[in-house]
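**Student:** I would like to see how this sequence folds:
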Amino acid sequence: MTVTTVQHAVSGAELRRTMGHWATGIAVITTSSEGTPAGLVSNSFASVSLDPPLVSWAVDRRSSSFEIWNTTDHFAVHLLSESDRGLVQRFVAKGPEKFAGLAWEPGVLGSPIVANDVPRLECRLWQRVDAGDHVILIGEAVSVSEPQSFRPLTNHAYWAK
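**Tutor:** This is a model prediction of the structure:
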């Protein structure tokens, strides 16, 4: 067997373009810090373990809300449906106005619940993992909600731009 030695790593731009071909779901993830709600859009959400029930997602260290995510001990994950494109536009924006005029209520751990008709998980932080320019948050699901019917909103090539 021949082993090929690679002289350079793949660039971040190359990785982003290639991964843009991988279709993923889109989630809005929310938390609160000192009574202030925070939220963002993520396509890195994944199931990690069934026992215990663990999920993960990654936050960019350059995110304007990184400090909130790096200190929170809870979060809610809203798996978006095709009819939730407005929530995507709202939560990709920067700043606290993401929640302006939006009806929401605190979940069992205090994270804002922004959509009631989508699959939703409320999680207690299990572990943070440093991973390059991101931090992976692993959460233990303490509450879930499933709608009667659901057509997921998927991402394909959106982040590759």
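**Student:** in the protein, which residue is closest to the centre?
**Tutor:** For the chain, the residue nearest the mean C-alpha position is Ser42 (3.4 Å; C-alpha atoms, centre = their mean).
**Student:** what's the distance between that one and Val10?
**Tutor:** Here the criterion is C-beta to C-beta, to the nearest Å. By it, Ser42 lies 22 Å from Val10. The C-beta positions use only the backbone N, C-alpha and C, and glycine is treated the same way.
**Student:** so where do the strands sit in this structure?
**Tutor:** Listed in chain order, the strands of the chain (DSSP state E) span 24-25, 27-33, 36-42, 46-49, 54-60, 74-79, 105-106, 112-113, 120-131, 134-145, 154-155.
**Student:** ok, and what's touching the third one?
**Tutor:** Read that as strand 36-42. Strand 36-42 has contacts (C-beta atoms under 8 Å, 6 or more residues apart in numbering) with 26-32, 57-59, 63, 65, 68-69, 72, 88, 91-92, 96, 98-99, 104, 112, 114.
**Student:** how about a cut-off of 6 Å?
**Tutor:** 27-31, 57, 65, 68, 88, 91-92, 98-99, 112 (C-beta atoms under 6 Å, 6 or more residues apart in numbering).
**Student:** and that strand with strand 27-33, angle?
**Tutor:** Interaxial angle, strand 36-42 versus strand 27-33 (axes from the mean of the first three to the mean of the last three C-alpha atoms, to 10 degrees): 160 degrees.
**Student:** give the buried residues for strand 36-42.
**Tutor:** Neighbour counts over strand 36-42 (16 or more other C-beta atoms under 10 Å) mark Pro37, Ala38, Gly39, Leu40, Val41, Ser42 as buried.
**Student:** tell me the contacts of Glu82?
**Tutor:** Arg151, Leu153.
**Student:** so how far is Phe150 from it?
**Tutor:** 9 Å.
**Student:** quick check: pLDDT value at the closest residue to Arg151 other than its chain neighbours.
**Tutor:** Distances taken as C-beta to C-beta, 6 or more residues apart in numbering place Glu82 nearest to Arg151, at 4.8 Å, with adjacent residues excluded. pLDDT for Glu82: 85.
**Student:** okay, and the beta partners of the residue nearest to the centre of the chain?
**Tutor:** According to DSSP bridges, the partner residues bridging Ser42 are Ala27.
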